[in-house]
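1. Predicted model, plus sequence, below.
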Amino acid sequence: MIEHLVTSGTFSLDGGTWEVDNNVWLVGDEHEVLVIDAAHSADAIAGAIGDRRLVAVVCTHAHDDHVNQAPALADRYQAPILVNPAEAPLWEMTWPDRAPDAELTDGQVLKAGGVELRAITTPGHSPGSTCLYAPALNVLFSGDTLFNGGPGATGRSYSSFDTIVASIRDRLLTLPPETEVRTGHGDSTRIGAESPHLQEWLDRGH
């Protein structure tokens with residue numbers, strides 16, 4: 001079971017602040033659930049969780065718009081926050097006094113409500129950006145690594161266009177073409193809809 005919330009707030013980095021709408025994803029069943037990217041409104045996310053057990057708050061990366069409600073939600077449900085350790089510089093910008101509870105590492109398998117999610121590390125948008133792949137659901141949660149229309153933004157600190165394109169090429173476009181891509185912002189897409197544009201992205205970097 002996948003549930004989807006859109007929450008609104010701001011994203012700040014490198015001295016700028018922008019209004020953003022974020023996709024928050026809940027994966028599980030009627031008893032337990034994982035939250036992917038606790039953005040902007042802990043109350044709205046808690047409303048979607050209800051009285052289910054929160055297995056973990058999983059952060060695809062640590063830009064403030066993706067983690068600004070992670071501690072509040074984790075504390076409310078006594079659930080761990082999982083973040084790739086390479087995200088530490090970004091995490092600490094938002095939460096200097098609160099470390100994540102556990103590391104999110106490449107190949108790690110998370111389970112909620114009978115659904116298995118495998119972590120796929122895809123650096124580029126940020127150093128430890130991580131996608132979550134649910135083979136049984138034929139779904140990839142891509143955070144800000146891959147969008148409907150191409151790679152995530154790389155024009156800010158701790159990001160690299162060449163790295164994100166390599167991550168998408170080597171780690172995501174190898175998934176089945178019918179895989180649905182549930183993104184961190186905006187509309188979903190499919191691996192097969194994005195893969196024909198790989199050469200354009202490669203050319204853009206040179």
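-> It's in.

2. where exactly do the helices run in this structure?
-> With DSSP state H as the criterion, the chain has helices at 42-49, 64-67, 70-77, 88-94, 161-167, 191-194, 198-204.

3. among the ones you listed, which is nearest Val57?
-> helix 70-77 (4.8 Å; CB to CB). Glycine gets a C-beta too; all of them are placed from N, C-alpha and C.

4. now the closest one and helix 42-49, what's the angle there?
-> Angle, helix 70-77 to helix 42-49, by axes from the mean of the first three to the mean of the last three CA atoms, to 10 degrees: 50 degrees.

5. now for helix 70-77, which elements pack on it?
-> helix 42-49, strand 53-58, strand 81-83 (3 or more CB pairs under 8 Å, 6 or more residues apart in numbering; DSSP states H and E).

6. coming back round to it: ranked by average pLDDT, which of the helices of the chain falls at the bottom?
-> Sorting those by mean pLDDT places helix 198-204 lowest, at a mean of 87.

7. list the buried ones in that one?
-> Residues Trp201 are the ones in helix 198-204 that count as buried (16 or more other CB atoms under 10 Å).

8. Any buried residues in stretch 45-54, and which?
-> Here stretch 45-54 shows 45-46, 49, 52, 54 as buried, counting by 16+ other CB under 10 Å.

9. Any chance you could list what contacts that stretch?
-> Here stretch 45-54 makes contact (CB atoms under 8 Å, 6 or more residues apart in numbering) with 3, 5, 7, 24, 26, 28, 30-35, 38, 69, 73-74, 76-77, 79.

10. How about stretch 3-20?
-> Residues external to stretch 3-20 that are found in contact with it (CB under 8 Å, 6+ apart): 21-27, 33, 39-41, 44-45, 48, 63-65, 68, 93, 156-157, 182, 185.

11. Can you select the buried ones from those in ChimeraX?
-> Filtering the contacts of stretch 3-20 down to the buried ones (16+ other CB under 10 Å) takes a single ChimeraX command:
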select :22,23,24,25,26,27,33,39,40,41,45,63,64,65,68,93,182,185
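
12. which other helices and strands contact the helix or strand bottoming out on mean pLDDT in the chain?
-> Lowest by mean pLDDT, DSSP states H and E among the helices and strands of the chain is helix 198-204, with a mean of 87. Where contact means 3+ CB pairs under 8 Å, 6+ apart, helix 198-204 is packed against strand 150-151, helix 161-167.

13. Partner strands of the shortest one and their direction?
-> Looking back up the chat, that one is strand 150-151. If you go by DSSP bridges, strand 150-151 pairs up with strand 146-147 (antiparallel).

14. Alright, that wraps it up for me.
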